[in-house]
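Chemist: the following comprises the amino acid sequence and a computationally predicted model.
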Amino acid sequence: MKVQVRRGFTLVELLVVIAIIAVLASLLFGRIKPSKQAADNVVCRNNCASRHRVGYVCGRLWSLSALCHAKRRIVVPEDVGASP
């Protein structure tokens, strides 16, 4: 009867595979960083544009509101309410 020898990975082979994976991961992360910075830049620009639009709309609404209130204001001459 022959005894089957089960051969697994040696420590050296395992360390080589881990090193290869680490090198590939570092290359991948190096390529991801500029695209992440570009995405963050786009998000920042969109936030600034949204704030600009909100400020513009609020300013327009404020000026329209002030104009509307100015037209509704009843102007009373000073001499109308004075006693003789």
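Modeler: On my side now, so go ahead.
Chemist: break down the protein into its helices, ranges please.
Modeler: 11-72 (DSSP state H).
Chemist: okay, now the unreliable bits of the protein?
Modeler: 1, 6, 64-84 (pLDDT under 70).
Chemist: can you report phi and psi for G8?
Modeler: phi -100, psi -160 (degrees, to the nearest 10).
Chemist: compute the number of surrounding residues for it.
Modeler: 6 (other C-beta atoms under 10 Å). Where C-beta positions appear, they are placed from N, C-alpha and C, glycine not excepted.
Chemist: gap between it and A19?
Modeler: In this view, G8 and A19 are 19 Å apart by C-beta to C-beta, to the nearest Å.
Chemist: again with C58
Modeler: 58 Å.
Chemist: with S50 instead?
Modeler: S50 is 46 Å from A19, by C-beta to C-beta.
Chemist: likewise for C44?
Modeler: Going from C44 to A19 by C-beta to C-beta gives 38 Å.
Chemist: do G55 as well
Modeler: For G55 relative to A19 (C-beta to C-beta), the value is 54 Å.
Chemist: ok, now S63?
Modeler: Taking C-beta to C-beta, one finds S63 at 66 Å from A19.
Chemist: what's the answer for R31, then?
Modeler: 19 Å.
Chemist: try L61
Modeler: 62 Å.
Chemist: then Q4?
Modeler: With C-beta to C-beta as the criterion, Q4 and A19 are 31 Å apart.
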